[in-house]
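Trainee: Okay, predicted coordinates and the sequence, questions at the end:
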Amino acid sequence: MEGRFYITTPIYYVNAEPHLGHAYTTIVADVMNRFHMLMGLETYFVTGTDEHGDKVVKAAKGAGEDVKRYVDMMSERFRNLWPKLNITNDYFIRTTYSHHIETVQHILNLVNDKGDIYFSDYQGMYCFGCERFYTEKELIDGKCPDHMTEPVLINEANYFFRMSNYQDWLIDYIKRNPDFIRPERYKNEVLSFLKDPLEDLCISRPKKRLTWGVPLPFDENYVTYVWFDALINYISALNYPEGELFKRFWSYANHLIAKDILKPHAIYWPCMLKAAGIEPYRHLNVHGYWKVDEGKMSKSLGNVVKPLELVDIYGVDAFRYFLMREMVFGLDSDFSEEALVGRINADLANDFGNLVSRSFTMAKKFQDGRVLEPEVIEEEDREIRKEVLTTLDDYCRFMEALGFHKALIRIWELIGRLNKYIVTQEPWVLAKKDRARLKAVLYYLIQSIKAISFMLWPFMPETCERIQIRLNLQKRGRDIKIDDIREWKDKELVVSGPIQLFPRVDIKRLKKHKMEEKKKTISVTQKHEIGIEEFQKLDLRVGVIKHAEKIKGSKKLIALKVDVGEERTIVAGIGNAYSPETLLGKSVVVVTNLKPVKLMGVESQGMLLASEDRSGLKLIVPDGDITPGSQVR
Ligand code: ME8
């Protein structure tokens, strides 16, 4: 593989919180970026936020915020999410940055000077959700196909980009460069769209309707249409035209998007680049949608999947692995937490986790962690080496062709093979009767795990680096290059201890919680209201835990002495979530006027308030010091 690698994600609209779809695209970009690092290429990775236009203004108003303050706040949510998903972006672009705005105006001037922009009256059907005009043909039953709302007829004078001038050039370019748009189905979709005459693109919005945008440099009464502004981020992020980054990376540009924004990227953007005298990007890589319950995720349906919630529960690598393994790049996939747990238990805890933990434990137990190059090897060992090398070749081929799930399937075949190797070689038997064979088997196992940790690093960087640290490798993470996998010539590897990579997830517990959550939401909405007098019957007070001990014979129950102005004995079912020592000195909220009850022989004179979700049970605590016995209102 030669050259450099420049990867971009869409810049996301700041009118909504980041969700699973945004996380997926950005994780794929990260996996591609890390893979190219592994291949020894110099890489550059850009993501960011799209902050102009009607939608954003509406969202800011809806939130009762000033627009600039709103976009700053929302942009931060995206920017702060990426480190939590271990994203290696080099730059985060915002369309409100002044250098981006200057680049947009520079391109507008270039295209205008060339005579490719004209002013004209226009009447058309406008969808505010998409921020664009629709032709009759594009509408479904007179409605916008994305928003299923009727567009509004708008009549106004605007500036237009002569996109039609570039139609023939674009068709020819796509045909001559078959992997310009990939996978192929999307290339075909674009070519089929281009069979009809291309309309010119309306690239302005009058300021009387919208002020939140980049002003047209040649008419102060207009701002730039959001797509003509947004697409340019891909070059303003590289400091076009003079920037060193632009010179180094533009010819290697790989855009990554979902199919929703195929048209602007496959049609508007190449035409804009051509008009501005800039060479086209190298590849447009298009993936499908994540769906939930076979439908689109949407706020109104309440089925938006929040990446951080899943990462908090299952860990970032399990989440990354699942997304990359489950979706066939280019096609739609259905998301379910059950499927995620299924993969964690089967692929990660069972296959991969067991292989590594068994091998490390045996190396430690039988050879005190010293894994030495063997003097004698057998055919079975040679076969293992061969399998690692063919896996590596297949892996590279799949990764380059966007077949991420295939690359993972191939690695899991190798993992399966290694687990079998353990079963057939029986190192625990060899430890008793054939130390020379044991040495060879452990060496081939640990070398293979090392190779796997290099290949899987783009997908699960944290886990792989943990393995590499346990193996005391000098080169780790992004210092490792593909040839390091081929070499296989360590004289000695040292396993410094056992390792547990992925704990199994209890699917029954997950299901129980889901049911309870559902019941809770239903009961919250259906519960009948109570008057304040009824609520005031409860005597809630702040208490401080003075003493705690488990009740013999019960896993869950803890007997507490709590100072609520006076000392009370309270029996609480919190033993699964808290150990007695961690409770001492904690402030809590106590219901003090409940009728006492006896639990396992101990009289409980009150109840602590707590809440529980999938992440576990937590006590409700005051936000700061409050004297014990103070009333909770
Ligand atoms: O379109 N499945 O921003 P956006 C998979 N600002 N990916 C999904 C997804 C889903 N269900 N939903 C969203 C915009 N995505 C413009 C882009 S670029 C110059 C301007 C991902 O916030 C996917 O990458 O609506 C999709 O293309 C993108 O989010 C749309 O993000």
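Mentor: Good, I have the coordinates.

Trainee: so what's the residue of the chain found nearest the ligand up against?
Mentor: The nearest approach of the chain to the ligand comes at residue 21, 2.2 Å away (CB to the nearest ligand atom). Yep, even glycine has a C-beta here, placed from its N, CA and C like the rest. Applying CB atoms under 8 Å, 6 or more residues apart in numbering to residue 21 gives the contacts 258, 289, 290, 297.

Trainee: Secondary structure element holding it?
Mentor: Per DSSP states H and E, residue 21 falls inside helix 20-38.

Trainee: Could you list the buried residues of that helix?
Mentor: Along helix 20-38, these residues count as buried under the neighbour rule (16 or more other CB atoms under 10 Å): 20-38.

Trainee: Do I have it right that residue 324 meets residue 31?
Mentor: Yes - Residue 324 is within contact range of residue 31, at 6.1 Å (criterion: CB atoms under 8 Å).

Trainee: Find residues that contact each of these two.
Mentor: Taking CB under 8 Å, 6+ apart as the criterion, residue 324 and residue 31 both touch 404, 459.

Trainee: tell me the pLDDT at residue 150?
Mentor: Looking at residue 150, its pLDDT reads 91.

Trainee: Is stretch 262-277 in proximity to the ligand?
Mentor: No - judged by CB under 6 Å from any ligand atom, stretch 262-277 and the ligand are separated, with a smallest distance of 7.0 Å.

Trainee: so how far is that stretch from its chain's centroid?
Mentor: For stretch 262-277, the gap between its own C-alpha mean and the chain's C-alpha mean amounts to 28 Å (CA atoms, centre = their mean, to the nearest Å).

Trainee: Please report phi then psi for residue 611.
Mentor: Comment: the main-chain dihedrals of residue 611 come out as phi -140, psi 160, following degrees, to the nearest 10.

Trainee: Of the contacts of residue 21, which are in range of the ligand?
Mentor: 258, 289, 290, 297.

Trainee: circling back: can you add neighbour count, secondary structure and pLDDT and give the contacts of residue 21 back as TSV?
Mentor: Output for the contacts of residue 21, formatted as TSV (neighbours: other CB atoms under 10 Å; DSSP: H, G, I helix; E, B strand; the rest coil; pLDDT from 0 to 100):
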residue	neighbour count	secondary structure	pLDDT
258	17	strand	97
289	19	coil	94
290	22	strand	95
297	18	coil	75
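
Trainee: Nearest to residue 429, out of those: which one, please.
Mentor: Nearest to residue 429 among the contacts of residue 21, counting by CB to CB, is residue 290 at 47.2 Å.

Trainee: if I read this right, the closest one contacts residue 327, doesn't it?
Mentor: Yes - the pair residue 290 and residue 327 passes the contact test of CB under 8 Å, sitting 7.2 Å apart.

Trainee: tell me, what's touching those two both at once?
Mentor: Contact criterion CB under 8 Å, 6+ apart; residues bridging residue 290 and residue 327 by contacting each: 24, 333.

Trainee: Okay, helices next: where are they in the stretch 101-250 of the chain?
Mentor: Along the stretch 101-250 of the chain, the segments classed as helices by DSSP state H, counting those that start in this stretch run 167-176, 184-193, 226-230, 233-236, 244-249.

Trainee: Could you dump these into JSON lines with mean pLDDT added?
Mentor: JSON lines is the format used below for the helices of the stretch 101-250 of the chain (pLDDT from 0 to 100):
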{"stretch": "helix 167-176", "mean pLDDT": "98"}
{"stretch": "helix 184-193", "mean pLDDT": "97"}
{"stretch": "helix 226-230", "mean pLDDT": "94"}
{"stretch": "helix 233-236", "mean pLDDT": "98"}
{"stretch": "helix 244-249", "mean pLDDT": "97"}
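
Trainee: what's the closest of those to residue 592?
Mentor: Of all the helices of the stretch 101-250 of the chain, it is helix 226-230 that lies closest to residue 592, at 57.9 Å by CB to CB.

Trainee: next one: that closest one to chain centre, how far?
Mentor: Between the mean C-alpha position of helix 226-230 and that of its chain there is a distance of 25 Å (CA atoms, centre = their mean).

Trainee: how about the residues of the chain near the ligand?
Mentor: 10-13, 21-22, 24-25, 50, 230-231, 233, 257-258, 260-261, 289-290, 297.

Trainee: Tabulate the contacts of residue 21 (JSON lines), appending distance to residue 618.
Mentor: JSON lines is the format used below for the contacts of residue 21 (distance: CB to CB, whole Å):
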{"residue": "258", "distance to residue 618": "36"}
{"residue": "289", "distance to residue 618": "35"}
{"residue": "290", "distance to residue 618": "30"}
{"residue": "297", "distance to residue 618": "28"}
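
Trainee: ok, now which ones touch residue 307?
Mentor: 18, 19, 20, 22, 23, 81, 85, 319.

Trainee: so who does residue 621 touch?
Mentor: 586, 587, 588, 589.

Trainee: ranking those by neighbours, who comes first?
Mentor: With neighbours taken as other CB atoms under 10 Å, the top of these is residue 588, carrying 24 neighbours.

Trainee: what separates residue 320 from residue 34, distance-wise?
Mentor: Plainly put, residue 320 is 11 Å away from residue 34 if you go by CB to CB, to the nearest Å.

Trainee: Show the pLDDT at residue 1.
Mentor: Here the pLDDT value assigned to residue 1 is 66.

Trainee: Ok, residue 210 next?
Mentor: 89.

Trainee: Could you tell me how many residues sit around it?
Mentor: Other residues close to residue 210 by other CB under 10 Å number 18.
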